[in-house]
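Participant: output the structure for:
(3 chains)
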Amino acid sequence: MLYPRIIPCLLVRNKGLVKTVKFKDGKYVGDPLNAVKIFNEKEVDELIVLDIDATVQNIEPDYKMIENLAAECRMPLCYGGGIKTAVQAQRIFNLGVEKIAISSAIIERPRLVSEIATRVGNQSVVAVLDVKKKMLGGYEIYTHNGMKKSRLNLLSFVLQLEKLGVGEIVINSIDNDGMMKGYDLNLIAKIKETVNVPMTVIGGAGTTDDIAEVISQHGIIGVGAGSLFVFKGKYKAVLISYPDEKEKEKIYCKE
Amino acid sequence: MISIIDYGLGNIKAFANIYKSLNVSYKIISDFHDLAGTDKIIIPGVGAFDHAMKSLNDSGMRDTLDKMVLDDHIPVIGICVGMQMLAKSSEEGVEKGLGWIDGVVKKFDRSKLRSKEPLPHMGWNNVLIDSDNRLLKDLHGNPRFYFLHSYYFECNNPQDVIAKAEYGEAFACVINSGNIYGIQCHPEKSHSNGIQILKNFGEL
Amino acid sequence: MTRNYQICTECIMDTSDPSITFDEKGVCHHCSDFNKYVKPNWHPDSNGRKELEKIVEKIKIDGRKRDFDCLLGMSGGMDSSYMLHMAVNEWGLKPLVFHVDAGWNSELAVKNIECMVEKLKVDLYTEVINWEEIKDFQLAFFKSGIRELDIPQDHAFIAMVDKFAEKYKIKYILNGGNFSTECVMPPREWLYYGTDIKFIKDIHGKFGTIPLKTYPFVSVLKHKLYLKYLKGIQNIKPLNYVPYIKKDVVRILADNYDWREYPQKHFESRFTKFFEGYWLPEKFGIDMRRIQLSSLILTGQISRNEALSIVEKPAYNPEKIAEEFEYIAKKLNISVDELRSYFNAPNKTFRDYKNSEWFFVLGARIMKAAGLERAVRR
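Facilitator: Prediction:
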């Protein structure tokens, strides 16, 4: 039986892990390398690591850090942040990363998806879309840490990505980011009914019940979480966690 | 000495890191001259069949590998697309496969997949072991592995299939014919059970 | 002049402690100090229980109007975990569980903390030390050639707990230190005082490369005197008032919380595991298991023969050490060769750097004479 994927999502800023709320106020979480090592020891399904400064500061990805993180992962690793060219993507794959995630670069130039896919295969190219609700309904895609509007139609764009052969689409809800009050189920349903591309959703998980809710509605899907797996309790104490086998069974089986 | 074939595709580093942590000696080979002293071969692979076959054929290592595997019977394992390359051909492309194991590669039949089962087959899935093959010993729990593919290997000899997985229908997950092994999932990315399979291969 | 090798006939401390002395029966001063100074003042019995009840009452009264009444430092190790178990289940306290993350947590530590906090339904607060700063600080210690590589971690733990208690006016800090497994203390020749600010700042000044802007410092005066006597912050070691037998404790924790044991004390930190398991024994000939096992011998929890057979084997796993070495180098952002060069460099001591040893020795004598400190440390 194919299982849904439960995926910790880590944000890197200035070489350290941070956790944001609605894409703002990064609370310091600690050293990325040790966090990744712990997640590996917990045998997580997959891991997403996003450098949230690279694009905004227009700098190269931190290849040394990526190589160090990849060496600790005995599960698929998806890296995103600052990737603009197929050459950069190839270099990152050679460091031991399975998937590369791109956001602003494919919004500027969607053909980048097929350029990279031709080199390494479609399955390794992941489009990350940071979305926020529009005042009068619908969703806006943003880049640069939620600062720049793309003015694209979300559903048309995901269809375009599907045609270009994107391997996976990650939908990141800015509104629900760090709020720990549940996923934007409406947003997820909208994308799911538009495209038939593997999908992962991030933004809003507060408990494993939130994850279970998404899985019970959509079955085979990737469910990503940041705050849920790095914070504990009402003081948001930094503590890395991940559901063990028993807890996973409960999540999968929730009706 | 385990030789990990670097022909431009696959997560070479992942295999290298695992064998390093197991204290098993290995080499990353991109030139056929360096294949001397090899007693086991790993052919990783991701991506499209034709691209993989062309890359392997252009690498200059094809002839030496054919000889080592078919004449010298050096144990070899193909991973993911590396397994599919063991076939004679694939529905995914037009290139000829290595033809080291009798079979062809087919695409998953969408009519057999439920609406909530998209392609590619991506994620963790159970593996049902059909034999007591040494490659698959000492796995724990209900073993799950990471898969990422849209095509599967159809063996002409059913006894070549030593483990199956299911996605819409059962398909060959691990195959073995003599010194030749193929594994459709990614042991290098499947935590402790994956490491165990790579360890077992190293000890064959 | 090198001494002839000698090992205590009661415990397993030996001449790897350069200041060890033996009596005519070959019994070392650690054993006699335990019998003279610790045992008579240690009451893990009904007397101890009565004394603890008085303290617990005070804690409860102080915290009756708050969500929590004490601060409990938690590493995920056996001592702090059992202390938390007792604090909630036996003593009826409302601890705020406090954890300092210095970047080296093992998965085991993190899981143990999670299990306990979850089951006991207590609140957790974590302080995460800025990794770039503590990394540079730790690297400075490696470069200095001295033994005490764990000071950056340990000092941060003490400082963070103190700072938090002071900031939130918490009067009672529960500390998992205990005689049962720690009555034999590391000799000063092994590990110098981590609260000697002059010393640690000299190391940073000579070998650090970035300023320590957020790294927490605390002076020994503040830690031992100001906070205790002027601010009224009490450091309680409740495990000294109750029976504390290691194998029973491990069983209770495993049965009640899915808690898992570490191969050795302090191994909840990956760094401490490397430091005590490999670096100290192999570079300096210091095996911390000697003091840990000697403590267990003195408190009747292990036989001398069992202890001897443990220290006969290396404290590190020879099959995994290359991988560990590489990880430590990677974490410190240096090459394996560079780390190896520090390993091979000449051994230095705190005396090679600026320090306030005279102050600490004087202070310890005064505190002991005034009956304020019970554990003996040479």
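
Participant: give me the residue at the spatial middle of chain B.
Facilitator: By C-alpha atoms, centre = their mean, the mean C-alpha position of chain B lies nearest to B:I79, the distance being 2.3 Å.

Participant: I'd say it and B:A14 touch.
Facilitator: No: applying C-beta atoms under 8 Å, one finds B:I79 not in contact with B:A14, separated by 9.9 Å. Placement of C-beta: from N, CA and C, glycine included.

Participant: who touches both of the two?
Facilitator: Common contacts of B:I79 and B:A14 (C-beta atoms under 8 Å, 6 or more residues apart in numbering or on different chains): B:E188.

Participant: quick one on the thing from earlier: tell me what the residue nearest to the centre of chain B is bridged to.
Facilitator: For B:I79, the beta-bridge partners under DSSP bridges are B:I183.

Participant: mind checking how far it is from chain C?
Facilitator: Counting by C-beta to the nearest C-beta, to the nearest Å, the separation of B:I79 from chain C is 23 Å.

Participant: identify the residues contacting that residue.
Facilitator: Residues near B:I79 by C-beta under 8 Å, 6+ apart: B:10, B:42-45, B:182-183, B:186-188.

Participant: repeat that for 10 Å
Facilitator: By C-beta atoms under 10 Å, 6 or more residues apart in numbering or on different chains, the contact list for B:I79 reads B:4, B:10-11, B:14-15, B:42-46, B:85, B:181-189, B:197-198.

Participant: strands - which of those residues land there?
Facilitator: Per DSSP state E, strands hold the following members of the contacts of B:I79: B:4, B:42-43, B:181-183.

Participant: burial of the residue in chain B that chain C sits nearest to, as a residue count?
Facilitator: Of all residues in chain B, the one sitting closest to chain C is B:S21 (5.2 Å; C-beta to the nearest C-beta). Neighbours of B:S21 under the rule other C-beta atoms under 10 Å in any protein chain shown: 16.

Participant: give me the three-state assignment for the closest residue to it other than its chain neighbours.
Facilitator: In this structure, B:S21 finds its nearest non-sequential neighbour in C:E323, 5.2 Å apart by C-beta to C-beta, 6 or more residues apart in numbering or on different chains. Under DSSP: H, G, I helix; E, B strand; the rest coil, C:E323 falls in the helix class.

Participant: contacts only, for C:E323.
Facilitator: Taking C-beta under 10 Å, 6+ apart, we find C:E323 in contact with B:17, B:20-23, C:317.

Participant: among these, which lie within helices?
Facilitator: Using DSSP state H, B:17, B:20-21 are the members of the contacts of C:E323 that sit in helices.

Participant: tell me how far the residue of the stretch 1-150 of chain A found nearest chain B lies from A:Q88.
Facilitator: Residue nearest to chain B within the stretch 1-150 of chain A (C-beta to the nearest C-beta): A:G121, separated by 3.0 Å. Separation of A:G121 from A:Q88 (C-beta to C-beta, to the nearest Å): 17 Å.

Participant: touching chain C at all, stretch B:190-204?
Facilitator: No: if you take C-beta under 10 Å from any C-beta of the partner chain as the test, stretch B:190-204 misses chain C, and the best it gets is 12.7 Å.

Participant: what does the pLDDT read for C:Y192?
Facilitator: pLDDT recorded at C:Y192 is 89.

Participant: now residue 70: closest residue in space, sequence neighbours ignored.
Facilitator: Looking at chain A here, since you left the chain open. A:G96 (3.5 Å).

Participant: try chain C instead
Facilitator: Using C-beta to C-beta, 6+ apart, the closest residue to C:C70 is C:Y172 (4.0 Å).

Participant: same check, this time on C:Y342
Facilitator: In space, C:Y342 is closest to C:F142, 4.5 Å off (C-beta to C-beta, 6+ apart).

Participant: and whichever strand or helix holds the one you found, what's buried?
Facilitator: Using DSSP states H and E, C:F142 sits within helix C:131-144. For helix C:131-144, burial by neighbour count (16 or more other C-beta atoms under 10 Å in any protein chain shown) applies to C:131-144.

Participant: max pairwise distance over the residues you listed: which two?
Facilitator: Within the buried residues of helix C:131-144, two members stand farthest from each other by C-beta to C-beta: C:W131 and C:S144, at 20.2 Å.

Participant: ok, the closest residue to C:R147 other than its chain neighbours - contacts?
Facilitator: Closest residue in space to C:R147, ignoring its immediate chain neighbours: C:F284 at 5.4 Å, by C-beta to C-beta, 6+ apart. Contact analysis of C:F284 by C-beta under 10 Å, 6+ apart lists C:16, C:146-147, C:190, C:347, C:349.

Participant: give me the pLDDT for C:F284.
Facilitator: So C:F284 comes in at 95 (pLDDT).

Participant: can you give me how far stretch A:120-132 is from the chain middle?
Facilitator: Using C-alpha atoms, centre = their mean, to the nearest Å, the distance from the centre of stretch A:120-132 to the centre of the chain it belongs to is 9 Å.

Participant: which residues touch the residue in the stretch 101-250 of chain C positioned nearest to chain B?
Facilitator: With C-beta to the nearest C-beta, the shortest gap between the stretch 101-250 of chain C and chain B falls at C:E107, namely 12.7 Å. By C-beta under 10 Å, 6+ apart, the residues touching C:E107 are A:34, A:37-43, A:240, A:242, C:76, C:260, C:268, C:270.
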